[in-house]
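Asker: mind folding the following:
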Amino acid sequence: MKYFLFFLFSILAISVKAQNSKKLIKEQGNGPVFFIDSINVSKSELMKYPSEQISSVSVYKDSNAVKLIGEEGKDGVVYVETKKFVKNRYWKYFSSKSEKYVAIVPNPQSDTATQYIVNGELLKTNVDGILSQINDSVFKEIIIIDKNELKRKYAIEGKNFGIIINTLKPFDLHQSKTNF
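Answerer: Numbers count the residues shown, from 1 in each chain. Presented below is the predicted three-dimensional model:
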């Protein structure tokens, strides 16, 4: 009988401990929800992506995360966009704004012979990330220049075209609905 009571007590103690662990896990939540290029993925799937393929990471928490995806986002949302995804997005956007752009950049992967210039600044780093933020709320115009003008105005050689994009600038962004 002693052994039986000891065994029963041990089982109850382990059961209570396990219940407390489950309760603690439930109170902490399941962690953030992960998206890659608008597709819901697991954390392990996200970890498989090489960092050099990632263009941007946005983290949403609290009520912003819940507004974004509903109650499932109560523990946060991590939204990752790959370089290929953002390149397709800005190519599609600029294609809708300029027939000349489509003529010199007929698909998203064909812009290697072009130099992007945004508000007078040559884009050299994070090109995809910067271009992907341009939308109707900040866009003003797109101008295409040839390699001679690109060399003369910007001292750039080895590129066939310059793509000048003018947007609302920091001093006039108050007119915009979103930050840029």
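Asker: what about the helices in this protein?
Answerer: 2-28, 43-47, 62-69, 83-97, 99-104, 127-132, 147-154 (DSSP state H).
Asker: which residues does the shortest one contact?
Answerer: Defining contact as Cβ atoms under 8 Å, 6 or more residues apart in numbering, one finds that helix 43-47 is touched by 31, 34, 36, 78, 80. The way it works is simple: take the backbone N, C-alpha and C, and place the C-beta from them, glycine included.
Asker: any idea how far the third one is from Lys147?
Answerer: In this structure, Ile36 and Lys147 are separated by 37 Å, where distance is defined by Cβ to Cβ, to the nearest Å.
Asker: what do you get for Ser38?
Answerer: From Ser38 to Lys147 the distance is 36 Å (Cβ to Cβ).
Asker: more neighbours: which of these two?
Answerer: Lys147 (17 against 9; other Cβ atoms under 10 Å).
Asker: so the more buried one touches Lys153, yeah?
Answerer: No: the pair formed by Lys147 and Lys153 falls short of the contact definition of Cβ atoms under 8 Å, at 11.0 Å.
Asker: any shared contact partners between those two?
Answerer: Both Lys147 and Lys153 are in contact with Gly162, where contact means Cβ under 8 Å, 6+ apart.
Asker: I'd like the average pLDDT over stretch 64-77.
Answerer: Taken as a whole, stretch 64-77 has an average pLDDT of 91.
Asker: what do you get for stretch 37-56?
Answerer: So the average pLDDT for stretch 37-56 ends up being 90.
Asker: using CSV, list the CA coordinates for that stretch.
Answerer: Output in CSV follows, covering the C-alpha atoms of stretch 37-56 (Å, rounded to 0.1, in the frame of the first residue of the first chain):
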residue,chain,number,x,y,z
ASP,A,37,6.2,37.4,-49.7
SER,A,38,2.6,37.3,-48.4
ILE,A,39,2.6,33.6,-47.7
ASN,A,40,2.2,32.3,-44.1
VAL,A,41,5.2,30.1,-43.2
SER,A,42,6.6,28.5,-40.1
LYS,A,43,9.5,29.9,-38.2
SER,A,44,11.6,26.9,-39.4
GLU,A,45,10.7,27.7,-43.0
LEU,A,46,11.7,31.3,-42.5
MET,A,47,15.1,30.2,-41.1
LYS,A,48,15.9,28.4,-44.3
TYR,A,49,16.0,31.6,-46.3
PRO,A,50,19.5,33.0,-46.9
SER,A,51,19.8,36.5,-45.7
GLU,A,52,21.1,37.7,-49.0
GLN,A,53,17.7,36.9,-50.6
ILE,A,54,15.9,39.1,-48.1
SER,A,55,15.1,42.7,-49.0
SER,A,56,13.0,43.9,-46.0
